[in-house]
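Asks: my questions are about this predicted structure, shown below with the sequence.
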Amino acid sequence: MLKELAQDLVDLIFDWGYLGIFLLMTVESSFIPFPSEIVLIPAGYLASKGDMNIGMIMFSALVGSMAGAYINYYLALLLGRKILRKYGRYFFINENAIEKMDNYFEKHGHISTFIGRLLPGIRQLISIPAGLARMNLVVFSIYTALGAGIWAFILVMLGYAIGENQELIDTYLKQVTIIVLIALFLLGSWYAYVQKQKKVK
């Protein structure tokens, strides 16, 4: 079933071209859970055959990712606080918690957004607390684009190098995910150390 879905997506991307990648990545990056690997790995494979251009794939994927991220960001920005003030008490969220969130994202929103965009299961959701905390839009955009761009590039290159070999894709995707998680852990640890040193000074 998954193989058939992947093949259908390859056909969809081929039929719709870069618009298909943009739309699917917008969905993937918004509040609808949709794995980006079944979009970008086939696109990378099509690029290896000469049917698509890697630069245009990356552009379409990045613009789509940003569009989805902005959907979450602005929904949270415009509606989030109203919902939290009305129903937050049922989840132990009060004005003090909202204020702490604001302060946190003001100081650490950039690193949180960047790391969040590279974490499985989190990358679609990190835009919501950023919007709730009214994170600076320029900073949000820069670090969202960096994280989304890196992940998209990894997936496209994986498809370009491996092609249709599903077993190899699964193996290498797991390995890449582990490497990314280790790198993010090291980055987070380094950032925490730097922040601690600043407080000491």
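Replies: Thanks, I have the structure now.

Asks: residue contacts, the residue nearest to Ile150 when sequence neighbours are not counted?
Replies: In space, and not counting its chain neighbours, Ile150 is closest to Leu118: 6.6 Å by C-beta to C-beta, 6 or more residues apart in numbering. Where C-beta positions appear, they are placed from N, C-alpha and C, glycine not excepted. Shown in contact with Leu118 (C-beta atoms under 8 Å, 6 or more residues apart in numbering): Gly147, Ile150, Trp151, Val180, Leu184.

Asks: number of nearby residues for the first one?
Replies: What that stands for is Gly147. Taking other C-beta atoms under 10 Å as the criterion, the count of residues near Gly147 is 22.

Asks: helix, strand or coil: sort out Lys198 for me.
Replies: Three-state assignment for Lys198 (DSSP: H, G, I helix; E, B strand; the rest coil): helix.

Asks: what count of nearby residues applies to it?
Replies: Using other C-beta under 10 Å, Lys198 has 8 other residues around it.

Asks: one more: Lys107?
Replies: Residues within reach of Lys107, counting by other C-beta under 10 Å, total 11.

Asks: and the helices in the protein?
Replies: Taking DSSP state H, the helices of the chain run over residues 2-16, 18-29, 37-48, 54-75, 81-87, 95-116, 127-132, 137-162, 166-200.

Asks: got the angle between the last one and helix 137-162?
Replies: The reference is to helix 166-200. Going by axes from the mean of the first three to the mean of the last three C-alpha atoms, to 10 degrees, helix 166-200 is angled at 150 degrees with respect to helix 137-162.

Asks: give me the pLDDT value at the closest residue to Trp16 other than its chain neighbours.
Replies: Leaving aside its chain neighbours, Trp16 sits nearest to Leu23 (7.4 Å; criterion: C-beta to C-beta, 6+ apart). Predicted confidence (pLDDT) for Leu23: 87.

Asks: what's the neighbour count on Leu23?
Replies: If you count neighbours by other C-beta under 10 Å, Leu23 ends up with 17.

Asks: quick check, it in contact with Gly17.
Replies: No. Using C-beta atoms under 8 Å as the test, Leu23 is too far from Gly17 to be in contact (10.7 Å).

Asks: any idea how far Phe22 lies from Ile128?
Replies: 22 Å (C-beta to C-beta, to the nearest Å).
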